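Enquirer: when you get a sec, could you give me coordinates for this:
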Amino acid sequence: MRFSIWPSPMWSWSDILELTRHCEATGWDGVYFADHFMPNGPADASPPEGPTLECWSVIAGLAAAVPRLRLAPLVTSVTYRHPAVLANIAAAVDNISGGRLVLGLGAGWQENEHAAYGLPLGSPKERVDRFEEALQILRSLLRERRTTFAGRYFEVKDAPNQPAPVQQDLPILIGAGGEKRMMRIAARLADEWNSWTTPEVLRHKVEVLHRHCDDVGRDPAAIKVSTQALLFLSSDKDWVESMRGRDVGRAGVVGTPAEVVDVMGSYAAAGADEFIVPGFTLPDLARAKDTCDLFIEEVAPSLR
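Expert: Okay, the predicted model is just below:
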C-alpha cells in the first residue's frame, strides 16, 4: 500500500515545500495538491477570504524541487482549463519531474469559484458530458502525435502536444463518486480512481467500479484505487478520545497508531492501493511533520 501527503493550498509555499521534502526524506510515496482558487462558500455570496495557491504552479515547483515523489493534482476540474492547454501543462510538468506526474481529473463542483470567475459549471449532466469530451482529448494529446476532435464543448484540429510526456502512457486519475456515469467513465478510461471514503464506503464503491469494468470489458486490476480521509492520529489517548465522534464534515480516521493500523488494514482489504493524508486539519508545519512521522513510522510499515 502506498501513502501520500496532501498539503493544504492555504499554507505558504515555504511550508508546502518543507513538508513535502520532509515526507520524501522519511519514506512517503507521493504528494497531491488541490486545484481550487479560493475557499468554498455560497455561490451567491462574496468569495471568502483565504490564501489559496494555484495548483499547477505548485506542482511544477515541487517537480523541480523534490526528486522522488509521485505528483498529482487532486483533482483538476476540466472547467478551469481547455483540455488542449491542460495537456500541454501536464506534458511540461511530466518533463520537469522526469516522468512522475499523475494527471488527476474531475468534472467540477465548487460553485463559488465558477461564479466569481465567470466559468460555466452547468448542470450535473452537462458537467459529466463536458468531462467525457475533455478526457478523450486529453488522453489523445498525451499519447498520440496529433489529435482531432469535434464535440459539443471542445474542438481541436490536428493538434500537437510537443514535447510529449516522459511517460509513454501518462497515468490519468479520475476523482469521482457518481456511480452511474462517472465511475463508468473511470472503468473505461482511468488508470487510477479516487474518492473520499470510509472503508465500508470504499468496499461498496470498488464493487461498483468492478461491475462497470465487467460491463465495458476492462480488467479491474488495470485501475489503481486511492482514497483519503481526514486523519486525527496521536499517541496521546486523551487527545484521541476528545476527537472521537466529532462531525468533521468528511470521512475521518481517528485513533492511536495501533488503531489506525487496523483502519488502514480495512481500507486495504476493501481495495485501496493508496491512502492519502490531507493536511487540512493539521494546524501548522510542526504538527504536520509530527503526525506524518508518527504515521510513516508506526502505521505504514505493517501495510507495506
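
Enquirer: centroid-nearest residue for this protein?
Expert: Centroid-nearest residue in the chain: residue 74, 2.4 Å away (criterion: CA atoms, centre = their mean).

Enquirer: mind listing the strands for the chain?
Expert: Applying DSSP state E to the chain gives strands spanning 2-6, 30-33, 70-73, 76-77, 103-106, 147-150, 155-159, 172-175, 192-196, 224-228, 230-233, 252-255, 274-278.

Enquirer: the stretch 1-150 of the chain: helices as residue ranges?
Expert: Secondary structure of the stretch 1-150 of the chain by DSSP state H, counting those that start in this stretch: the helices cover 13-25, 55-65, 83-97, 111-117, 124-143.

Enquirer: and residue 231, which of these is closest to it?
Expert: Closest to residue 231 of these is helix 13-25 (CB to CB; 13.5 Å). All C-beta spots, glycine's among them, are computed from the backbone N, C-alpha and C.

Enquirer: what residues does the closest one touch?
Expert: Applying CB atoms under 8 Å, 6 or more residues apart in numbering, the external contacts of helix 13-25 come out as 5, 7, 11, 31, 33, 53, 58, 61-62, 65-69, 279, 285, 288-289, 292, 296.

Enquirer: quick one on the thing from earlier: can you lay out the helices of the stretch 1-150 of the chain as TSV showing mean pLDDT?
Expert: Formatted as TSV, these follow (pLDDT from 0 to 100):
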stretch	mean pLDDT
helix 13-25	98
helix 55-65	98
helix 83-97	98
helix 111-117	95
helix 124-143	97
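
Enquirer: ok, which of these comes nearest residue 257?
Expert: Within those, the stretch nearest residue 257 is helix 13-25; the backing value is 17.3 Å (CB to CB).

Enquirer: roughly how far does the closest residue to residue 268 other than its chain neighbours sit from residue 141?
Expert: Distances taken as CB to CB, 6 or more residues apart in numbering place residue 1 nearest to residue 268, at 5.3 Å, with adjacent residues excluded. To residue 141, residue 1 is 32 Å away according to CB to CB, to the nearest Å.

Enquirer: those two: which has the busier surroundings?
Expert: For the pair residue 1 and residue 141, the greater number of neighbours falls to residue 141 (25 against 16), based on other CB atoms under 10 Å.

Enquirer: from residue 165, how far off is that one?
Expert: 10 Å.

Enquirer: name the residues contacting each of these two.
Expert: The contact sets of residue 141 and residue 165 overlap at residue 91 (CB under 8 Å, 6+ apart).

Enquirer: shouldn't the residue nearest to residue 268 be in contact with residue 299?
Expert: No. Counting by CB atoms under 8 Å, residue 1 stays clear of residue 299, with 10.3 Å between them.

Enquirer: overlap in contacts of the two?
Expert: residue 264.

Enquirer: burial count for residue 258?
Expert: 11.

Enquirer: residue 122 now?
Expert: Neighbour tally, residue 122, other CB under 10 Å: 15.

Enquirer: per-residue pLDDT, it?
Expert: pLDDT, residue 122: 95.

Enquirer: same check, this time on residue 282
Expert: On the pLDDT scale, residue 282 is placed at 89.

Enquirer: so what's residue 106 bridging to?
Expert: residue 77 (DSSP bridges).

Enquirer: didn't it look like it was pressed against residue 176?
Expert: Yes. Assessed by CB under 8 Å, residue 106 is found in contact with residue 176 at 6.5 Å.
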